[in-house]
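> turn this into a model:
(one chain, ligands or ions: 1)
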Amino acid sequence: MRFVFILCSLVVLWQPAFAAVDIALKGKDPVRLEDVYQQQGTPYVAVEDVLHVVGLKGHWDSIRHTFRIKTKSSWAEISPGSDYLKIGDEYYPLKDRPRFIDGRLRVTDSFILNQLSQLAGRSIYFRNLDPITDTAPSESTNVLEKLFAFLLNKKSNANGPLIHAVAIDPGHGGLDTGVIAPSGYKEKQLNLAIAEKLAKQLKMKLGIPIYLSRDGDYELTMEQRLEPATREDVDLWLLLHAQSSFSPELHGVSLFVRPEEVVQEPAGTEEVEIVESDSLLLAKQLAIALRDSDIEVRGIYPSARLSLGRGNLPTVQIELGFLSNPSELEQLQSSEYQQQIVQALYAGIRQYAKQSKENTDGTN
Ligand SMILES: [Zn+2]
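Numbers count the residues shown, from 1 in each chain. Coordinates of the predicted model:
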């Protein structure tokens, strides 16, 4: 909701110069569109209006934050502020970025004449009836674009977001129940409940794709379990599990990273610069965020199980708590506590993204 609010308030700041354009598929009668915004001499036309004229279909995907255009064989996608048209797995550079202006995603004449005529399979006639340079305050544009730059799936841009997509593995499933509480509550249920809530939170707040290894109660092959983490746009991988112990007192969240990623402080060598892995940085931010939410964190440990998957992909296995501890079990089953964990994990991921962006920017 906050996102919508920011958009609305920025729209109020926008002082548009209105214009009109004529568009047609070559050989047909031009259609006049008047919902056009001029920005420094470039007309921005609502993509839906243009598609209608050239006989293509498309829709705004509010989860992915992209506009999807139906092509003969697949989908083409554009995003506000992004420099690319994506078709399948291919990215095609755009001269002008699409922009969200006055509640509609808009494209320029360059997109219409080049990419869109390709998609339509025919040349498009375009005429700007009012080619004037406007005086719209560019500052509000920048704010809008900064806002979207964070949400966008922008691959080849160093200034883009650090997280393009997240893979989540809700551990176990099907006959593989994971650990079982004395009450019968199963680890696989908890893992999935947290995974689904976290996926929703990340999609809503960051507008990026989230890939779950499973979305129901079924068993996975090792290949299926790893598949989300191998996708090209995935920038971090979270594995969700829970623990059990003979000692009913044990409780709290434990975080695991690959064995080689746990930094061993070298004794007596102050000169050595320790470079922490992204997995460790992520685990540390998750730990901070969980503790800030009054959730106990036992520590960050090495796990040999994490040697699988893409080697340098920031990866953290999260043991959500002990099903063998009666009071923690009760908490873990309550949707309030689940939400509390999810909020904390989200905050940790967000902080990690911010931190690694600062690190990256610092090296440019
Ligand atoms: Zn497990």
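> now do the contacts for Lys26.
Taking C-beta atoms under 8 Å, 6 or more residues apart in numbering, we find Lys26 in contact with 122-125. Every C-beta, even on glycine, is put in place using the N, C-alpha and C of the backbone.
> of those, buried ones?
With burial judged by 16 or more other C-beta atoms under 10 Å, the buried subset of the contacts of Lys26 is 124-125.
> export the contacts of Lys26 to TSV and tack on distance to Arg64 and pLDDT?
Converted to TSV, the contacts of Lys26 look like this (distance: C-beta to C-beta, whole Å; pLDDT from 0 to 100):
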residue	distance to Arg64	pLDDT
Arg122	28	84
Ser123	30	86
Ile124	26	89
Tyr125	31	88
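> could the contacts of Lys26 be laid out in a markdown table, adding secondary structure and distance to the ion?
Putting these into a markdown table (DSSP: H, G, I helix; E, B strand; the rest coil; distance: C-beta to the ion, whole Å) gives the following:
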| residue | secondary structure | distance to the ion |
| --- | --- | --- |
| Arg122 | coil | 55 |
| Ser123 | coil | 58 |
| Ile124 | strand | 55 |
| Tyr125 | strand | 61 |
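> looking at the contacts of Lys26, spot the one nearest Leu236.
Of all those, Leu236 sits closest to Ile124, with 40.9 Å by C-beta to C-beta.
> okay, the closest residue to that closest one other than its chain neighbours: pLDDT?
Among residues not flanking Ile124 along the chain, Ser117 sits closest, at 4.4 Å (C-beta to C-beta, 6 or more residues apart in numbering). In this prediction, Ser117 carries a pLDDT score of 86.
> quick one: residues contacting Ser117.
Ser117 touches 54, 123-124, counting by C-beta under 8 Å, 6+ apart.
> now, the most widely separated pair of the contacts of Lys26?
With C-beta to C-beta as the measure, no two of those lie farther apart than Arg122 and Tyr125, at 10.0 Å.
> shared neighbours of these two, anything?
With contacts defined as C-beta under 8 Å, 6+ apart, the residues shared by Arg122 and Tyr125 are 25-26.
> which residues of the stretch 251-364 of the chain score low on pLDDT?
The model of the stretch 251-364 of the chain has pLDDT under 70 over residues 263-274, 307-311, 360-364.
> strands along that one, start to end?
253-257, 297-302, 315-322 (DSSP state E, counting those that start in this stretch).
> hey, what's the angle from the helix or strand containing Pro228 to strand 315-322? Just curious.
Using DSSP states H and E, Pro228 maps to helix 222-230. Orientation check (axes from the mean of the first three to the mean of the last three C-alpha atoms, to 10 degrees): helix 222-230 against strand 315-322 gives 110 degrees.
> check which helices and strands helix 222-230 sits against.
Counting contacts by 3 or more C-beta pairs under 8 Å, 6 or more residues apart in numbering; DSSP states H and E, helix 222-230 packs against strand 165-170, strand 234-243.
> which residues touch Ser123?
Taking C-beta under 8 Å, 6+ apart as the criterion, Ser123 is in contact with 25-26, 117.
> just give me the neighbour total for the residue in the chain positioned nearest to the ion.
Closest residue of the chain to the ion, C-beta to the ion: His241 (3.4 Å). Look at His241: counted by other C-beta atoms under 10 Å, it has 24 neighbours.
> ok, now Ser277?
When neighbours are defined as other C-beta under 10 Å, Ser277 has 17 of them.
> and for it, nearest residue in space, chain neighbours not counted?
Ser277 sits nearest to Glu261 (C-beta to C-beta, 6+ apart), 4.1 Å away.
> got a list of what the one you found touches?
Taking C-beta under 8 Å, 6+ apart as the criterion, Glu261 is in contact with 277, 279-280, 302.
> so where's the stretch 101-250 of the chain uncertain?
131-161.
> the ion contacts on that one?
With C-beta under 5 Å from the ion as the criterion, the stretch 101-250 of the chain comes near the ion at residues 171, 178, 241.
> shouldn't the last one be in contact with Val316?
Put plainly, it is His241. No - at 11.1 Å, His241 does not count as touching Val316 under the criterion of C-beta atoms under 8 Å.
> drop anything exposed from the contacts of Glu261.
277, 279-280.
> okay, these in a markdown table with distance to the ion next?
Listed next are the buried ones among the contacts of Glu261 as a markdown table, based on distance: C-beta to the ion, whole Å:
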| residue | distance to the ion |
| --- | --- |
| Ser277 | 23 |
| Ser279 | 18 |
| Leu280 | 21 |
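> circling back to that earlier point, tell me the contacts of the residue of the chain closest to the ion?
Counting by C-beta under 8 Å, 6+ apart, His241 makes contact with 171-172, 178, 187, 191, 317-320.
> one more time with 10 Å, if that's ok
For His241, the contacting residues are 169-172, 178-179, 187-188, 190-191, 194, 254, 256, 303, 305, 317-321, by C-beta atoms under 10 Å, 6 or more residues apart in numbering.
> now those: which count as buried?
Listed as buried from the contacts of His241 are 169-172, 178-179, 187-188, 190-191, 194, 254, 256, 303, 317-321; burial here means 16+ other C-beta under 10 Å.
> so what's the residue nearest to Val257 when sequence neighbours are not counted up against?
Closest residue in space to Val257, ignoring its immediate chain neighbours: Ser279 at 4.3 Å, by C-beta to C-beta, 6+ apart. If a contact means C-beta under 10 Å, 6+ apart, then Ser279 has 236-237, 255-258, 260-262, 300, 306, 312-317 as its contacts.
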